[in-house]
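Asks: mind looking at a prediction? Sequence and model below.
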Amino acid sequence: MVYIIIGAAVSLTVTVLTQLYLIPSREIKLHMYQQKEHRVTRLYQPLLVSTGYGNFSMTAPGVFFKVNKIMESYGYLADQEVVEKYIEFLKLVRFANYNDLRKGNFIQKPASENLIIELIRQGVTPLKWTPSSLEKALKVEEEFQNVLRKHYEKAVEDLKNS
């Protein structure tokens, strides 16, 4: 009878320990690892690839909208410094309306009707820059790229160490 009670107590203790401590602890570690992996594979690597490791300018609409889509989807994984630089860049971005596209300006020539129709279809508004805003945007973009590389290397190292 004593052996049955001791066996039941041990069994109950092991079950409680497993269910309340070991399994949640393992799940938390797995979640943390997945978050580190997503930070590298879904945020920083795609950002670096879409900007051509700093060779493509985010002032180009195609690159900007790709970076914007990545940041909207996975920006919550980014380090604070990366987010701050990205927001600083976003504050400088202005979107052209379709009258601007038809007229053009001293930086860009007028767009063709086919291009305007395609832009309307895709729902993508081109970027509009003035010389001063473009200069500021290029400076902020360079800082963003430097911060991005720094945090990417840190995230890769952190992933390797976990």
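Replies: Nice, I can see it.

Asks: can you tell me which residues contact residue 101?
Replies: By C-beta atoms under 8 Å, 6 or more residues apart in numbering, the contact set of residue 101 is 110, 111, 115, 116, 119, 126. Just so you know, the C-beta spots here come from the backbone N, C-alpha and C atoms, and that holds for glycine as well.

Asks: okay, and which of the residues you listed map to helices?
Replies: 115, 116, 119 (DSSP state H).

Asks: quick check: closest non-adjacent residue to the first one.
Replies: The spatially closest residue to residue 115, leaving aside those adjacent along the chain, is residue 101, at 7.6 Å (C-beta to C-beta, 6 or more residues apart in numbering).

Asks: that neighbour is in what secondary structure piece?
Replies: helix 98-103 (DSSP states H and E).

Asks: hang on, the earlier thing: put the buried members of the contacts of residue 101 into a PyMOL selection.
Replies: Applying 16 or more other C-beta atoms under 10 Å to the contacts of residue 101 leaves a buried subset, and the PyMOL line that selects it is:
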select buried, resi 111+119+126
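
Asks: pick the one among the contacts of residue 101 closest to residue 58.
Replies: Closest to residue 58 out of the contacts of residue 101 is residue 126 (13.6 Å), distances taken as C-beta to C-beta.

Asks: what does the model give the closest one for pLDDT?
Replies: Among the per-residue scores, residue 126 holds a pLDDT of 79.

Asks: my guess is it contacts residue 59. True?
Replies: No - counting by C-beta atoms under 8 Å, residue 126 does not reach residue 59; the two are 11.0 Å apart.

Asks: give me the common contacts of those two.
Replies: With C-beta under 8 Å, 6+ apart, residue 126 and residue 59 have no common neighbours.

Asks: pick out the residue closest to the middle of this structure.
Replies: Nearest residue to the geometric centre of the chain (C-alpha atoms, centre = their mean): residue 71, 3.5 Å.
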